[in-house]
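Asker: quick one, structure for this:
(one chain, ligands or ions: 1)
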Amino acid sequence: MKVPAVDLAVRFKPYRERFHEVLDRVLEHGQVILGPEVQAFEQAVARYVGVKHALAVANGTDALVLGLRALGVTDGEVVTTAMSYLASTSSIALAGATPVFADVGPDLNLDVDAVAAAIGPKTKAILVVHLGGNPARMQDLYRLAKARGVKLIEDCAQALGAVSGANAGNLSDLGAVSFHPLKNLGAVGDAGAIFTNDDAVAANLRLARNHGHSSRDQCEFWSINSRMDSLQAGFLSAMLDDYPAVLEARRKQAERYRAALAGIVEFPVVNPGALPSYNFFYTIVERRDDLQRRLLDDGIDAKIHYPIPIHQLNAAREIAVGQLPQTEYLTQRILSLPLGPHLVDSQIEFVIEKVGEFYA
Ligand SMILES: Cc1ncc(COP(=O)(O)O)c(C=O)c1O
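Answerer: Numbers count the residues shown, from 1 in each chain. Below is the predicted model of the structure:
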């Protein structure tokens, strides 16, 4: 039996007819970039998240860079996690600020006390990642950010639909999401969005994603081209309609893993009241590399998200790093088991059986 981590052909299959309708529509009206599909998607995803503004952009990294710039975080320091995909850190550097790493807690996300200790006179913001879609301790981080007068930015690239009181992306000053094909709501190419409740920030971002243009001929400030294609927006709207059911299916599979593997492996802590989106299903295991090899031999595509913590990447060589013992400990032990609507129950049971056999 093969248990792939993702299978985009299976994922896209139910939408092929709707995708073709989108293509026909876009070919008909010809507004191929920032066309009516983009506006419709922005409204739909804003409604879904419960946020006032959603700004469609070209990818999740741009969402972070433009979001940081729009909040004025173009210098000073930003406290963030080294346990993430690298874009949560590179975006800080690309916006002009300096990343400062704080350690993580048992939820694999920023530890609130470590963040408090890392905030200094140069700190402008906290950039939190809901790793794998497991919501961080947002109420505590929000309180801390307000008390210390810094911005709070959510990287919810992996967390669309995750809940922690409110929806991820609506728990902070600004949320940035990715619709990379490997995300739960994945486009047929690159795409991303920025969420904000602030009218002025939204107005700035509307220009910032389009070279700073305020009209065809006028430009207010230098910026990049990060516009979303009408096709991607149309495809995303088609998939957003079914997204609550997709999330439900992911959560059911996660519950099955948790029930069957309790006592055999450990799991990241899910904070009280939080509902993850399970972009990845993390386990925390002993003899991780041996287990991964065995599962791969059995046809199970277990992956490590991510094998090198960001502070140890070559590109991070100039970032001053303190002690990150939990980040380093957990990075040696995390393993993501395949999960998603491309899998049937028998595949999940096969994974459970093989993990059980390894530790028997
Ligand atoms: C946590 C995190 N942040 C940022 C990104 C960047 O998104 P994108 O690949 O769409 O630029 C990703 C995904 O790649 C991610 O997983």
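Asker: so where do the strands sit in the stretch 201-350 of the chain?
Answerer: In the stretch 201-350 of the chain, strands defined by DSSP state E, counting those that start in this stretch lie at 274-275, 281-284, 334-337, listed in chain order.
Asker: distance between the second one and the chain's centre?
Answerer: Translated: strand 281-284. 16 Å (C-alpha atoms, centre = their mean, to the nearest Å).
Asker: domain parsing for this structure?
Answerer: The chain breaks down into these domains under automatic domain parsing: 8-102+109-237, 243-359.
Asker: can you count the residues close to Leu313?
Answerer: Neighbour count of Leu313, defined by other C-beta atoms under 10 Å: 15. All C-beta spots, glycine's among them, are computed from the backbone N, C-alpha and C.
Asker: got a list of what the residue nearest to Ser164 when sequence neighbours are not counted touches?
Answerer: Nearest non-adjacent residue to Ser164, counting by C-beta to C-beta, 6 or more residues apart in numbering: Pro135, 3.5 Å away. Each residue near Pro135 by C-beta atoms under 8 Å, 6 or more residues apart in numbering is listed here: Asn109, Ala159, Ala162, Val163, Ser164, Ala168, Leu171, Asn271, Ala274, Leu275, Pro276.
Asker: Pro135 falls within a strand, correct?
Answerer: No - counting by DSSP: H, G, I helix; E, B strand; the rest coil, Pro135 is not found in a strand; it is coil.
Asker: among the contacts of Pro135, show me the least confident.
Answerer: Within the contacts of Pro135, pLDDT reaches its minimum at Leu171, with 91.
Asker: how about the contacts made by the residue of the chain found nearest the ligand?
Answerer: For the chain and the ligand, the shortest gap (C-beta to the nearest ligand atom) falls at Gly60, measuring 2.5 Å. By C-beta under 8 Å, 6+ apart, Gly60 lies in contact with Ala87, Asp155, Ala157, Ala176, Val177, Ser178, Phe179, His180, Lys183, Gly192.
Asker: go back to those residues and keep what's next to the ligand.
Answerer: Subset of the contacts of Gly60 in contact with the ligand: Ala87, Asp155, Ala157, Ser178, His180, Gly192, counting by C-beta under 6 Å from any ligand atom.
Asker: let's have those residues in CSV, adding secondary structure.
Answerer: Shown next, in CSV, are those (three-state DSSP):
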residue, secondary structure
Ala87, helix
Asp155, strand
Ala157, coil
Ser178, strand
His180, coil
Gly192, strand
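Asker: quick check: the farthest pair among those residues?
Answerer: Greatest spacing in the ones next to the ligand among the contacts of Gly60, by C-beta to C-beta: Asp155 and His180 (12.7 Å).
Asker: okay, those two: which has more neighbours?
Answerer: Set Asp155 next to His180 and count neighbours by other C-beta under 10 Å: Asp155 wins out with 32 against 20.
Asker: biggest helix in this protein, by residue count?
Answerer: Using DSSP state H, we find that the single longest helix of the chain is helix 230-261.
Asker: list the contacts of the residue positioned nearest the centre of the chain.
Answerer: Centroid-nearest residue in the chain: Ala157, 1.8 Å away (criterion: C-alpha atoms, centre = their mean). Contact partners of Ala157, counting by C-beta under 8 Å, 6+ apart, are Gly60, Tyr85, Ala87, Ser88, Val129, Ala176, Val177, Ser178, His180, Lys183, Gly192.
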